[in-house]
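Colleague: okay, sequence plus prediction incoming.
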Amino acid sequence: MARRRAIRIFFLFVVVGISLGVIALAGVWLAVGGAPAVPENATLILRVGGTLVEMPPADVIGQFAGRGRAETIRSYVDTLRKAKADDRISSVLIVPTGLDLPYWAKVQELRDAILDFRKSGKRAVAYLEHGGDREYYLATACDRVFLVPTSSLDVTGIASYEVFLRGTLDKIGAYPDFSRIGEYKTAPNQLTERTFTPAHREMREWLNRDMYEQLVRGIAEGRKKRVEDVKALIDQGPFLADAALQAGLVDGLAYEDQLDDRGAVNRDGRTVEGEEYAHVSLRSVGLNQGPRIAVIYIAGAITSGDSGFDPLNGEVAGSGTLIDTIRTARADSSVRAIVVRIDSPGGSTTASDVIWRELAITRDQKPSRPLVASMSDLAASGGYYVAMAAPQIVAQPGTLTGSIGIFGGKVVTGGTYEKLGASVEAMSIGRNAQMFSPVRPFNESERAKLQEQLDAFYRQFIAKVAAARKMPAAKVDAVARGRVWTGQQAKQHGLVDELGGLDRAIALAKQRAGIAADADVEIVNYPAPKRLIDLLIEQLNGAGATGLAGLGLLNDGDRRAIGMLTAPMRLFRRGEPLALMPAAFLR
């Protein structure tokens, strides 16, 4: 044991030394290199790909193995804001490549930023090496769209996929024993059912239909076509490049080196890559200065304890970390308003409640400061619970939210042990001491206790939504019962106030804080990104992500699917009631 500890300490010192060296070299580079030289009348080339995240990765592997290089959605938006204000930038070339996203709201946020850039009178041109649905939807925000001549335009509509594991559990002798409040609270269905229930199918159909209509409208507006014509074209997809050009879905076919001849970039080759331009500060072009507004990020499944990184689910939003973060932002007297940025499917009911409580204290503090919620891809179940602390809620049309409901239970594995020739014997004192026994289902008394917990939290959830949204409880219940809505649908039902992204939420915060609409503000982000050295120390001390064998072989979508399905067993306390949305992936 002592030897192993000595090895760990030695390894820690080696890693710390290397890390300090890397940090020192980075500091020298920044001091010597500084901001890049941006030529006059330049075209900014902004390459957008991979997973658009809300915050930099909070794991060591992510820093070194690709996710550390992933841009946040806000960094892309800020790059376009800088380019809009920078007189040296005359146009932007958007190159969407391999957008690995299961949802649509972040794509809409970036699309809005391109449309805002064009308000400056500068051109935005899109170049597609591959025209997938999200890549093309983003590209249609541009003045012109070019496609590689040998590529295809794969715009075919909206499809979603959900995995049901009941048959698998039956084969291994496991039994899913869950209870829920709300027939549309379908998160446990993927364990308890073999296929869609009628309510589950109904909800999935209305979500897909609404997202399809949003996709069609975006393409129609961007390409100046009638909605009916776009729907007819989608039914003919996917398209070969020549067919896409003939249908008017793209403006030309070209390779990247031919774009200057087509007028997409400057003929004299004056360009600047987005990675270089990222080193141009917002302040240098007159942005991010003035009154201070705090943006608090709540990203990932909501759990008790510290925030961290889960190898399957990604970011984990820990209530302990977030409470400290909210208090820090609240204590800063220079902050004029606070925006809570949420990208979460929910999680622990208790953790969601204590985060809500801290935000409510912040909202009601005297002298008061405006509190606005901004929803990203997800703000569902526990994610909606924390959002309702804010008097104003902003969501993208494609945000998934609502899911006002709750479930709890366990997967009984006694039969699995039997199949393996093992047996488990329990000794207990107390009537319900074995309530969450992993080897047998709930008995009548235990099930009654579980239902009592679920009923109590659901009533509380409904009451808090009713008070926050100024709606009768009966009306809240009518749109609740576990139903997931798009942001557009949620606005129609009174669960959301406005449609838009983080910039719209900041504009509302400015308005409520008495800051002029045309005045710029300084954005202060909470929590501050963790330094690499801190992540290394956490990793060596056994905190944070622990890495699972074989994850490197999975793409982000597969890893996320497995993570969402297994989250109730891995991330939360045994028997903990969960306010968690169902896992579905749209393509």
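Modeller: Structure received. Residues are numbered from 1 along each chain as shown.
Colleague: return the alpha-carbon coordinates of the helix or strand containing D78 using CSV.
Modeller: Per DSSP states H and E, D78 falls inside helix 73-85. Output of helix 73-85 as CSV, limited to C-alpha atoms (Å, rounded to 0.1, in the frame of the first residue of the first chain):
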residue,chain,number,x,y,z
ILE,A,73,-21.3,27.3,-28.7
ARG,A,74,-20.7,30.7,-27.1
SER,A,75,-17.2,31.0,-28.6
TYR,A,76,-18.6,30.5,-32.1
VAL,A,77,-21.2,33.1,-31.5
ASP,A,78,-18.7,35.5,-30.1
THR,A,79,-16.4,35.0,-33.1
LEU,A,80,-19.3,36.1,-35.3
ARG,A,81,-20.0,39.0,-33.1
LYS,A,82,-16.4,40.1,-33.3
ALA,A,83,-16.4,39.7,-37.1
LYS,A,84,-19.6,41.8,-37.4
ALA,A,85,-17.9,44.7,-35.5
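Colleague: all helices for the stretch 301-450 of the chain, in order.
Modeller: Assigned by DSSP state H, counting those that start in this stretch, the helices in the stretch 301-450 of the chain fall at 319-331, 349-364, 382-387, 414-419, 444-469.
Colleague: now swap in the stretch 101-250 of the chain and tell me
Modeller: Under DSSP H, counting those that start in this stretch, the stretch 101-250 of the chain gives helices at 105-118, 133-139, 166-171, 189-192, 198-223, 227-234, 241-246.
Colleague: most tightly surrounded among the ones you listed?
Modeller: helix 133-139 (a mean of 25; mean count of other C-beta atoms under 10 Å). Every C-beta, even on glycine, is put in place using the N, C-alpha and C of the backbone.
Colleague: any idea of the mean pLDDT in the helix holding D78?
Modeller: Throughout helix 73-85, pLDDT has a mean value of 97.
Colleague: what does it contact?
Modeller: Contacts to helix 73-85, defined as C-beta atoms under 8 Å, 6 or more residues apart in numbering, come from residues 44, 46, 48, 52-54, 89, 92, 106, 109-110, 113-114, 116-117, 119-120, 122, 274, 277-278, 280, 282, 285-287, 376, 501-503.
Colleague: you'd agree V316 is up against L322?
Modeller: No - using C-beta atoms under 8 Å, V316 is not in contact with L322, being 10.8 Å away.
Colleague: shared neighbours, the two?
Modeller: Common contacts of V316 and L322 (C-beta under 8 Å, 6+ apart): S307.
Colleague: returning to that earlier point: out of the contacts of helix 73-85, which end up buried?
Modeller: Buried members of these, counted by 16 or more other C-beta atoms under 10 Å: 44, 46, 48, 52-54, 89, 92, 106, 109-110, 113-114, 116-117, 122, 274, 277-278, 280, 282, 285, 287, 376, 501-503.
Colleague: what's the closest non-adjacent residue to the most centrally placed residue in the chain?
Modeller: Central residue of the chain (C-alpha atoms, centre = their mean): D343, 4.1 Å from the mean position. What sits nearest to D343 in space, not counting adjacent residues and going by C-beta to C-beta, 6 or more residues apart in numbering, is S376, at 3.7 Å.
Colleague: what's the spacing between that neighbour and A241?
Modeller: 33 Å (C-beta to C-beta, to the nearest Å).
Colleague: just D332 next, same as before
Modeller: D332 sits 53 Å away from A241, going by C-beta to C-beta.
Colleague: tell me the domain ranges of the chain?
Modeller: Domain ranges of the chain: 1-34, 37-156+237-281, 289-409+444-552, per automatic domain parsing.
Colleague: sorry, back to before: the residue nearest to the centre of the chain and A380 touch, don't they?
Modeller: No - applying C-beta under 8 Å, one finds D343 not in contact with A380, separated by 10.4 Å.
Colleague: ok, D518 - how many residues close by?
Modeller: When neighbours are counted by other C-beta atoms under 10 Å, D518 registers 6.
Colleague: same check on the one 5 residues further on?
Modeller: Around I523 sit 17 other residues, with neighbours defined as other C-beta under 10 Å.
Colleague: pLDDT wise, what is it at?
Modeller: For I523, the pLDDT comes out at 97.
Colleague: give me the element it is part of.
Modeller: Counting by DSSP H and E, I523 is part of strand 522-526.
Colleague: that older thread, will you turn the domains of the chain into a markdown table that also has distance to T416?
Modeller: Output for these, formatted as a markdown table (distance: least, C-beta to C-beta, whole Å):
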| stretch | distance to T416 |
| --- | --- |
| domain 1-34 | 33 |
| domain 37-156+237-281 | 30 |
| domain 289-409+444-552 | 17 |
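Colleague: quick one: which of the ones you listed is nearest L165?
Modeller: Nearest to L165, of all the domains of the chain, is domain 289-409+444-552, at 14.1 Å by C-beta to C-beta.
Colleague: return the distance of the closest one from the chain's centre.
Modeller: 12 Å (C-alpha atoms, centre = their mean, to the nearest Å).
Colleague: begin at 13 from here
Modeller: With 13 as the first residue, the last one maps to domain 301-421+456-564.
Colleague: is A341 in contact with I308, as I believe?
Modeller: Yes - the pair A341 / I308 is scored as a contact, 5.8 Å apart, by C-beta under 8 Å.
Colleague: more neighbours: the two, which one.
Modeller: Taking other C-beta under 10 Å, A341 and I308 do not tie; I308 has more neighbours (24 against 20).
Colleague: so which helix or strand takes in that one?
Modeller: Secondary structure from DSSP H and E places I308 in strand 304-311.
Colleague: tell me the buried residues in that strand?
Modeller: So, applying 16+ other C-beta under 10 Å, buried residues of strand 304-311: 305-311.
Colleague: tell me which residues touch W218, please.
Modeller: By C-beta under 8 Å, 6+ apart, the neighbours of W218 are Q501.
Colleague: pLDDT weak spots in the chain?
Modeller: Within the chain, the stretches with pLDDT under 70 are 13-46, 69-82, 279, 542-587, 595-599.
Colleague: mind running it again at 50?
Modeller: For the chain, residues meeting the criterion pLDDT under 50 lie at 13-14, 18-19, 22-23, 25-26, 28, 32-45, 71-72, 75-81, 554-566.
Colleague: right, and R516 touches E510 too?
Modeller: Yes - assessed by C-beta under 8 Å, R516 is found in contact with E510 at 6.2 Å.
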